[in-house]
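Q: Turn this into a model:
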Amino acid sequence: MAFSASDLAQVRFAVSPMWQVVTSYRLLSNHASATPVHRPWIQQVQPRAAAAGLDRGWLAELIPPSGFFPYFLNPAPAGPAPALDTELAAIQNAPIDRVRHDLDHLEYHQKRLGPRLRSLHHDPHARLARLAQEIRTYWELALAPYWARIRAVLDTDIFHRARQVAEHGAGHVLNDLHTAVTWDGSALQLSRRSRPLSRTTAGPGLLLVPSAFTGPRLPTRVAPPEPPQLAYPARGIGSLWAPEPTTGTDALAAVLGRSRTRLLAELDTPASTTQLAHRTGLSPAGVSQYLTALRSAGLVSAHRAGRSVLYARTTAAETLLKAASST
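A: Residues are numbered from 1 along each chain as shown. Okay, the predicted model is just below:
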């Protein structure tokens, strides 16, 4: 893909919740080929997703294990870090022609569309609200409990690459994204893309989106007049699901209390009240009371998972535990 000076000046980064939804769902549905790095996340999320019917709903039909998936699922982020609600609103307001074009392209690759997607093709705006609700359910089950950890990895990646731009220029960053991406000073080459990109079929600039879940192929989105999007693997994925150190927390326990500190340590993996009571030996009523206090203090977040609620540590809690462990 040829780059002008103007295109290079319009290269930007963004954290996109929907790119995490699409790439993580594909990884979850094709878990047999997933790298060992993501197995802890898959083992925790897959049973919850199956219990909610997410393995046989809208996302299952729209995001095949490999190949093309509809571009309207990944609207161009309006800023550096749009909220999920913002991107869902963009999906629900996607142009009808865009939705139908993408579904026609999906049918070409998959050979057929099921009744659900045929109804979406017939009346997109009436069905996109249902799709948005399923995406929100998937988010709460699969990503929201882990978002503090995922977001930290994505933000760190962007910070690193912004420093590279300042020290070496944008061209150096493009050559450092992935082995399939090369920059020769005037053109960007994607060696594993089935169809070449050209400026006659792509908008100006380039939007780079770090992802915690991309596989060996780099997903792209090319839908003029918007800039092309390239989702690439973020740095630090290898340690994404590694347990955080929670030793040496006596100083924190002196402030929060031992039971609350113990619960924060146990929430290295998101868990329900019942699971936490079983792990810690505390009564379910006591666990519930402590979690309410921790949530009010901004140290714990709660996420609906079917009939239960999963609790997870927030970024503030991660910072406190790391600081306590280092003292």
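
Q: Quick one: distance of stretch 240-256 to the chain centre.
A: Relative to its chain's centre, stretch 240-256 lies at 26 Å (C-alpha atoms, centre = their mean, to the nearest Å).

Q: ok, residues contacting that stretch?
A: 37-38, 40-41, 149-150, 153, 212, 261-262, 264-265, 268, 294, 318, 320-322, 324-327 (C-beta atoms under 8 Å, 6 or more residues apart in numbering). To be clear about C-beta, it is placed using only N, CA and C from the backbone, and glycine gets the same treatment.

Q: Let's see that with 7 Å instead.
A: 37, 40-41, 149, 153, 212, 261, 265, 268, 318, 320-321, 324-325, 327 (C-beta atoms under 7 Å, 6 or more residues apart in numbering).

Q: Would you tell me what the next helix or strand after the helix or strand harbouring Arg260 is?
A: Per DSSP states H and E, Arg260 falls inside helix 258-266. As assigned by DSSP H and E, the chain's next helix or strand after helix 258-266 is helix 273-280.

Q: Now do that next one against helix 258-266, angle only.
A: 100 degrees (axes from the mean of the first three to the mean of the last three C-alpha atoms, to 10 degrees).

Q: which parts of helix 273-280 are buried?
A: For helix 273-280, the neighbour count (16 or more other C-beta atoms under 10 Å) marks 273, 275-277, 279-280 as buried.

Q: For Ala142, state which of the residues you listed is nearest.
A: Distance to Ala142 across these (C-beta to C-beta) is lowest for Gln275, with 17.3 Å.

Q: For the closest one, which residues are in contact?
A: Going by C-beta under 7 Å, 6+ apart, the list of residues near Gln275 is empty.

Q: picking up where we left off before, report the mean per-residue pLDDT for the helix holding Arg260.
A: Model confidence over helix 258-266, given as mean pLDDT, is 88.

Q: Which elements pack onto that helix?
A: Helix 258-266 is packed against helix 273-280, helix 284-296, with contacts defined by 3 or more C-beta pairs under 7 Å, 6 or more residues apart in numbering; DSSP states H and E.

Q: repeat that with 10 Å
A: helix 250-256, helix 273-280, helix 284-296, strand 300-305, strand 308-313, helix 315-325 (3 or more C-beta pairs under 10 Å, 6 or more residues apart in numbering; DSSP states H and E).

Q: Buried among the contacts of stretch 240-256? Need that as a selection in ChimeraX.
A: For the buried members of these, the matching ChimeraX selection, counting by 16+ other C-beta under 10 Å, is:
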select :41,149,153,212,261,265,268,318,320,321,324,325
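
Q: Can you name the residues in contact with stretch 39-54?
A: 24-25, 27-29, 31-32, 34, 38, 55-57, 59-60, 134-135, 137-138, 140-143, 145-146, 149-150, 212-213, 240-243, 269-271, 305-308, 310 (C-beta atoms under 10 Å, 6 or more residues apart in numbering).

Q: Give me the subset of those residues lying in strands.
A: 305, 308, 310 (DSSP state E).

Q: domain ranges for the protein?
A: 5-238, 250-325 (automatic domain parsing).

Q: what about the first one, average pLDDT?
A: Mean pLDDT, domain 5-238: 86.
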